[in-house]
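Enquirer: build me a model:
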Amino acid sequence: METVTYDPYVAEIDKLIRRVSFVIKCRGRDILSEFDITIPQFNALLVLRDSGDMTIGDLGNKLYLASSTATDLIDRMERDGLVLRERDSSDRRVVRLHMLEKGHQMIREVMENRKRYLDEILRHLSPEDIEALKKSLESLYVLMKPACKKQD
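Expert: You can find the predicted model right below:
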């Protein structure tokens, strides 16, 4: 049985993925700067939105942060009215993080800006190209997802 090689495409696809990722990160940073929030703070909000209330230690683990770094991050977010520390009702020794409405609103506004940006870019493609891109990205993600345990 003959093995098919995609070697001629691997380097080019890798380069294109890195380039697209870089542009998305740059644009994402620009958008976040409009909202006076840092990337780690926004990532923390996304984790809290997706996972619900959790301890600072759990949040730090999900974000790969040292305990002191996670604590500093939460201190700033609490000062900014994005999150609140609350004692666990079943174990008063445990302190959980709860995202406040301002944090939810921040996510909504940032995501709307990100969607507007992508919508402007996608307008330059045909509906067929957009559908093909979507299917290709979904397929690639499904194949790559097992390599990263912390993905959604």
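Enquirer: give the buried residues for stretch 85-99.
Expert: Of the residues in stretch 85-99, those buried under the neighbour-count criterion (16 or more other C-beta atoms under 10 Å) are 96-97, 99. C-beta coordinates here come from the backbone N, C-alpha and C atoms, glycine included.
Enquirer: could you dump these into JSON lines and include pLDDT?
Expert: Written out in JSON lines, the entries for the buried residues of stretch 85-99 read as follows (pLDDT from 0 to 100):
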{"residue": "Arg96", "pLDDT": "93"}
{"residue": "Leu97", "pLDDT": "96"}
{"residue": "Met99", "pLDDT": "97"}
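Enquirer: leaving out chain neighbours, which residue sits closest to Ile107?
Expert: What sits nearest to Ile107 in space, not counting adjacent residues and going by C-beta to C-beta, 6 or more residues apart in numbering, is Leu45, at 5.5 Å.
Enquirer: checking Ala11 next. Helix, strand or coil?
Expert: Classification of Ala11 into helix, strand or coil gives helix, according to DSSP: H, G, I helix; E, B strand; the rest coil.
Enquirer: so how far is Leu143 from it?
Expert: To Leu143, Ala11 is 18 Å away according to C-beta to C-beta, to the nearest Å.
Enquirer: I'd like to know how far the residue nearest the centre of the chain sits from Asp14.
Expert: If you average the C-alpha coordinates of the chain and look for the closest C-alpha using C-alpha atoms, centre = their mean, you land on Asn43, 5.5 Å from that point. The span separating Asn43 from Asp14 equals 24 Å under the rule C-beta to C-beta.
Enquirer: cool, Asp91 as well?
Expert: Counting by C-beta to C-beta - Asp91 and Asp14 are separated by 47 Å.
Enquirer: kindly report the same for Ser68.
Expert: 36 Å.
Enquirer: next one: Asp88
Expert: 45 Å.
Enquirer: ok, now Lys25?
Expert: Remark: distance between Lys25 and Asp14 (C-beta to C-beta) = 16 Å.
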